[in-house]
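Trainee: Here you go, sequence then predicted model.
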Amino acid sequence: MAKAKVKDITSSKASSKNKKNEKAEVDNIKKGLKSKKKEVDFDENIKVSIEKKLHALYSLQLIDSQIDKIRIIRGELPLEVQDLEDEIAGLGTRIENFKKENETLEKSIQEKNSSISNSKSLMEKYEDQRMNVRNNREYDSLTKEIEFQNLEIQLCEKRIKEYTISLDNKKIDVDSSQQLFDERKKDLEVKNSELKDITAETEKEEKTLEIKSEKNQKFIEERLLAAYKRIRINARNGLAVVLVERDACGGCFNKIPPQRHLDIRMHKKIIVCEYCGRILVDNGIKEYVDENFNI
């Protein structure tokens, strides 16, 4: 009887121990499941966060590309207007300089004519004096003075001829410059009118897009936004975010490895092209933005 009692007590203790072990195992399993659930939730949160960033980046790229198109459409006109304004200013300065040169030439011609008149008066005076000379010495002296004044007249006439030719050429330059000035002024009026019309048509749309762009930028962290802007500046076509098309980068068209392509489709991290540095997105991001963003 005593042995039976001892056996029952031992059996009871063993059973109790087994139950405790089973309970501990169940608790460990529950803890493990909770831990795994937390890991899954954490991973899912990362995925959603990266996806949102990719959505914001791709939509921002679409908006900025539209703004670029608007600026390209009217981008050449302001440059043309500026070039015309500079050319007109240059022509105006050239015409003023020609006119000043003409005034100087006309003044010089008047001075030479005045010198000729003065020399002729002196020649007449010396001629009269020569008629009344008392000796050969006075006669020779007056003759030399007359010859000198005659040379002065010839020199003045030569200079007048030169100045007249220059004046005629300058007048031709003034006329041609004035004609070109008038033509360029008409061209400027046309270009200004075109620029005004295009600006009126696109200004409202551009402002709306700029507001959308600023709103999208708020969903992107500062570091990533700075990288996006830097890539846009360096990219010739202003594309910082591009689609993967036919397993290749939509910016530089280099082939993307299969594993990298899989990472892009997983949306768990920002993937950039190893060749051109552009941010890569797949059709899933594009379709979501097309359906949910009014761009």
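Mentor: Sure, I can see it.

Trainee: in this structure, which spans are strands?
Mentor: For the chain, the strands defined by DSSP state E occupy 241-245, 248-249, 279-281.

Trainee: Could I get the pLDDT score of the most centrally placed residue in the chain?
Mentor: For the chain, the residue nearest the mean C-alpha position is residue 75 (8.7 Å; CA atoms, centre = their mean). With respect to pLDDT, residue 75 has a value of 71.

Trainee: next one: residue 221
Mentor: At residue 221, pLDDT is 86.

Trainee: wait, what's in contact with it?
Mentor: Contact partners of residue 221, counting by CB atoms under 8 Å, 6 or more residues apart in numbering, are residue 53. In this view, the C-beta of every residue, glycine as well, is placed from N, C-alpha and C.

Trainee: before we move on, back to that, from residue 202, how far out is the residue nearest to the centre of the chain?
Mentor: Applying CB to CB, to the nearest Å, the value for residue 75 to residue 202 is 11 Å.

Trainee: roughly how far apart are residue 81 and residue 87?
Mentor: Residue 81 is 11 Å from residue 87, by CB to CB.

Trainee: mind listing the helices for the stretch 101-250 of the chain?
Mentor: 136-217, 222-234 (DSSP state H, counting those that start in this stretch).

Trainee: so which of those comes closest to residue 104?
Mentor: Proximity to residue 104 (CB to CB) singles out helix 136-217 among those, at 9.2 Å.

Trainee: any idea how far that closest one is from the chain center?
Mentor: Here helix 136-217 shows a centroid-to-chain-centroid distance of 32 Å under the convention CA atoms, centre = their mean, to the nearest Å.

Trainee: list the helices and strands it packs on?
Mentor: helix 2-131 (3 or more CB pairs under 8 Å, 6 or more residues apart in numbering; DSSP states H and E).

Trainee: mind redoing it with 10 Å?
Mentor: Contacting helix 136-217 under the criterion 3 or more CB pairs under 10 Å, 6 or more residues apart in numbering; DSSP states H and E are the following elements: helix 2-131, helix 222-234.

Trainee: show me where pLDDT drops low in the stretch 151-295 of the chain?
Mentor: Across the stretch 151-295 of the chain, the ranges flagged by pLDDT under 70 are 294-295.

Trainee: Would you enumerate the residues in contact with residue 51?
Mentor: By CB atoms under 10 Å, 6 or more residues apart in numbering, residue 51 lies in contact with 266, 267, 268, 284, 285, 288.

Trainee: Restricted to helices, list those residues.
Mentor: 266, 284, 285, 288 (DSSP state H).

Trainee: Closest to residue 220 out of these?
Mentor: residue 285 (13.9 Å).

Trainee: Tell me how many other residues surround that closest one.
Mentor: 22 (other CB atoms under 10 Å).

Trainee: Residue 198 too?
Mentor: 15.

Trainee: returning to what we had before: redo the helices of the stretch 101-250 of the chain as CSV? Include distance to residue 103.
Mentor: Output for the helices of the stretch 101-250 of the chain, formatted as CSV (distance: least, CB to CB, whole Å):
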stretch, distance to residue 103
helix 136-217, 10
helix 222-234, 53
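
Trainee: shared neighbours of residue 81 and residue 87, which are they?
Mentor: With CB under 10 Å, 6+ apart, residue 81 and residue 87 have common neighbours 187, 188.

Trainee: So, low pLDDT: which residues of the stretch 1-150 of the chain?
Mentor: Looking along the stretch 1-150 of the chain with the criterion set at pLDDT under 70, you get 1-48.

Trainee: go again using 90 as the cut-off
Mentor: 1-53, 66-82, 126-136, 138-140, 142 (pLDDT under 90).

Trainee: still on that earlier bit, intersection of neighbour lists for residue 75 and residue 202?
Mentor: Joint contacts of residue 75 and residue 202 (CB under 10 Å, 6+ apart) are residue 69.
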